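J.: Pasting the sequence and the predicted coordinates here, then a few questions.
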Amino acid sequence: MSEVATVATGWGVTFVIVTTYALWVVGRGKAIGRELGIGEQEELDLGSDSSTSANS
């Protein structure tokens, strides 16, 4: 194998490892967020807005 092919293979393997790790970190973060209830989006019921008073 030539030196260029060796370097290209090294960069390719490194890219795959870093990408896989990054995806794992994101997935783990989402799992922990779900477990702690962080980042959940509530469905808004437009019929009952509790932030405004009907008597104002």
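T.: Arrived safely, thanks for sending. Every value quoted in this text rests on a predicted model; they were computed, and no experiment measured them.
J.: What strand or helix carries Ile17?
T.: Element membership for Ile17 (DSSP states H and E) is helix 3-36.
J.: mind listing what's buried in that helix?
T.: Neighbour counts over helix 3-36 (16 or more other Cβ atoms under 10 Å) mark no residue as buried. The C-beta positions use only the backbone N, C-alpha and C, and glycine is treated the same way.
J.: Show me the shaky parts of this structure.
T.: Scanning the chain with the threshold set as pLDDT under 70 gives 40-56.
J.: roughly how far apart are Ile32 and Gly39?
T.: Per Cβ to Cβ, to the nearest Å, Ile32 is found 10 Å from Gly39.
J.: meant to ask about Val25
T.: Noted for Val25: a distance of 15 Å to Gly39, by Cβ to Cβ.
J.: same check, this time on Thr6
T.: In terms of Cβ to Cβ, Thr6 sits 43 Å off from Gly39.
J.: and if you look at Val13?
T.: When Val13 is compared with Gly39 (using Cβ to Cβ), they lie 33 Å apart.
J.: swap in Ile17?
T.: Taking Cβ to Cβ, one finds Ile17 at 27 Å from Gly39.
J.: repeat for Arg28
T.: For Arg28 relative to Gly39 (Cβ to Cβ), the value is 14 Å.
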